[in-house]
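K.L.:
sequence plus the predicted model coming up.
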Amino acid sequence: MQAKRCYKQRIGTILLAGLLAVSGSVATPQVAVAASAKVYVAPDSGKKYHSSKDCRGLSNANEIVKMTKKKAKDQGYTKCKICN
Ligand SMILES: [Zn+2]
């Protein structure tokens, strides 16, 4: 009985430490900005992502999609030379 309770307590401590670690990283401004930076892509007219939707690289785009920079990179987009 005693050993079982001890085990449960340890698991609880590990979970708590994990939660603290997660909330700690979210609270770090640099990490939050990098993860949530928004860019604009034109899926039907190129494989570039743009930091501004007013970029002339997007002027001919029929559709402009806003997404995080991470997602754009994951989908194979590279950064625009005009607005970056
Ligand atoms: Zn651009």
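P.N.:
In hand now; what should we look at?
K.L.:
do stretch 65-84 and the ion meet at all?
P.N.:
Yes: judged by CB under 5 Å from the ion, stretch 65-84 and the ion are in contact via Cys80, Ile82, Cys83. Bear in mind the C-beta positions are built from the backbone N, C-alpha and C, glycine included.
K.L.:
where in this protein is the helix or strand with the lowest mean pLDDT?
P.N.:
Least confident helix or strand of the chain, by mean pLDDT, DSSP states H and E, is helix 29-36 with a mean of 57.
K.L.:
picking up where we left off before, can I get the residues of stretch 65-84 next to the ion in CSV with neighbour count and pLDDT?
P.N.:
Output for those, formatted as CSV (neighbours: other CB atoms under 10 Å; pLDDT from 0 to 100):
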residue, neighbour count, pLDDT
Cys80, 20, 96
Ile82, 13, 95
Cys83, 18, 94
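K.L.:
can you list the low-confidence ranges for this structure?
P.N.:
Counting by pLDDT under 70, the chain shows low-confidence ranges at 1-8, 10-35.
K.L.:
show me the domain layout of it.
P.N.:
Using automatic domain parsing, the domain ranges for the chain come out as 1-34, 37-84.
K.L.:
what does this structure put close to the ion?
P.N.:
Those residues of the chain that sit near the ion, judged by CB under 5 Å from the ion, are His50, Cys55, Gly57, Cys80, Ile82, Cys83.
K.L.:
identify the farthest-apart pair in those residues.
P.N.:
Maximum pairwise distance among the residues of the chain next to the ion (CB to CB): 7.7 Å, between His50 and Ile82.
K.L.:
give me the common contacts of these two.
P.N.:
Common neighbours of His50 and Ile82, using CB atoms under 8 Å, 6 or more residues apart in numbering, are Gly57.
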